[in-house]
Each structure stands twice: as C-alpha cells, then as structure tokens.
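A.B. asks: Predicted coordinates and the sequence they were generated for:
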Amino acid sequence: MWLFLVALVGLWTLLCFFRERQVVSYLQDKYVFITGCDSGFGNLLARQLDRRGMRVLAACLTEKGAEELRNKTSDRLETVILDVTKTESIVTATQWVKERVGNRGKVHSYLAFGPPPGRR
C-alpha cells in the first residue's frame with residue numbers, strides 16, 4: 001500500500017514538473033484576442049502577454065479604456081472597440097481580427113451562453 005502511494009506521489013511530481021516546463025515557442029509570432037480589456041482581468045492579461053512578446057488584439061468597450069491600455073503597452077498590442085451585446089460590433093471586431101491575423105493562424109473562440117450546465 002505504501003509503495004503504491006509513493007509511486008503515485010512520484011508520478012504526480014513528475015507530471016507537475018513536466019507540465020511547468022512546457023514552453024510555447026516563437027511567442028512574437030503568436031496572436032491572442034482578449035475581450036474586456038478596459039479593466040480587470042482582461043486588462044491585466046493583455047499587459048502581461050504584451051510584456052512576454054505576444055501580439056495582443058485587445059477588445060475594449062470604450063475608447064477611453066482602449067487609449068489607456070495603448071499608453072501602457074508596446075506597439076505589439078492593438079485595440080478595437082467591442083460591445084458584445086451588439087451583433088454589428090461583433091461582426092466588425094471579427095473582421096478586424098481576421099485582417100490582422102490573416103492566414104498566420106486559426107481563430108479559436110470560447111462562447112458561454114448562460115451559467116454552466118447544472119447551475120441553472
């Protein structure tokens with residue numbers, strides 16, 4: 001029984017070690033699109049990824065938020081105004097992202113409609 005637990009802890013330690021060692025190569029060629037960059041988590045993430053050398057496409061709700069973010073970051077970060085409650089704004093932002101990224105990457109998205117299953 002003890003041998004099993006020691007082996008399990010050892011495997012867990014190795015897994016954690018190798019997981020933390022994974023590195024994304026060529027960060028300067030990678031794009032990331034982040035919404036909600038006026039403040040809070042989106043703003044913090046956009047600034048951190050910009051510092052790490054990624055090309056950040058940041059969506060802000062207001063021009064003031066976009067300007068403040070541009071002033072705090074490098075020219076690798078570009079902003080767009082996006083109101084996720086308006087279809088026209090979403091279509092415009094989608095086209096803007098496609099123009100920036102071109103055929104250099106894939107566009108992946110995560111859409112959440114309401115609370116997660118089981119939480120309604």
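C.D. replies: Alright, I've got the coordinates.

A.B. asks: make it CA atoms for all contacts and neighbour counts henceforth
C.D. replies: OK.

A.B. asks: Would you tell me which helix is longest in the protein?
C.D. replies: helix 2-21 (DSSP state H).

A.B. asks: now that helix: how far from the chain's centre is it?
C.D. replies: Centroid separation for helix 2-21 versus its chain: 29 Å, with CA atoms, centre = their mean, to the nearest Å.

A.B. asks: Mind listing what's buried along that helix?
C.D. replies: Residues of helix 2-21 include none that count as buried (16 or more other CA atoms under 10 Å).

A.B. asks: count of neighbours near Arg76?
C.D. replies: 16 (other CA atoms under 10 Å).

A.B. asks: that older thread, who are the packing partners of the longest helix of the chain?
C.D. replies: Identification of packing neighbours for helix 2-21 by 3 or more CA pairs under 8 Å, 6 or more residues apart in numbering; DSSP states H and E yields no helix or strand.

A.B. asks: in its sheet, what does the helix or strand just after it sit against?
C.D. replies: Sequence-wise, the next helix or strand downstream of helix 2-21 (DSSP states H and E) is strand 31-34. Note on strand 31-34: by DSSP bridges, its sheet partners are strand 55-60 (parallel).

A.B. asks: what mean pLDDT does the helix or strand following the partner strand have?
C.D. replies: Sequence order places helix 63-72 as the next helix or strand after strand 55-60, per DSSP H and E. Averaging the model's pLDDT scores along helix 63-72 yields 94.

A.B. asks: Same check on stretch 14-28?
C.D. replies: For stretch 14-28, the per-residue pLDDT values average out at 78.

A.B. asks: No further queries at this time; thank you.
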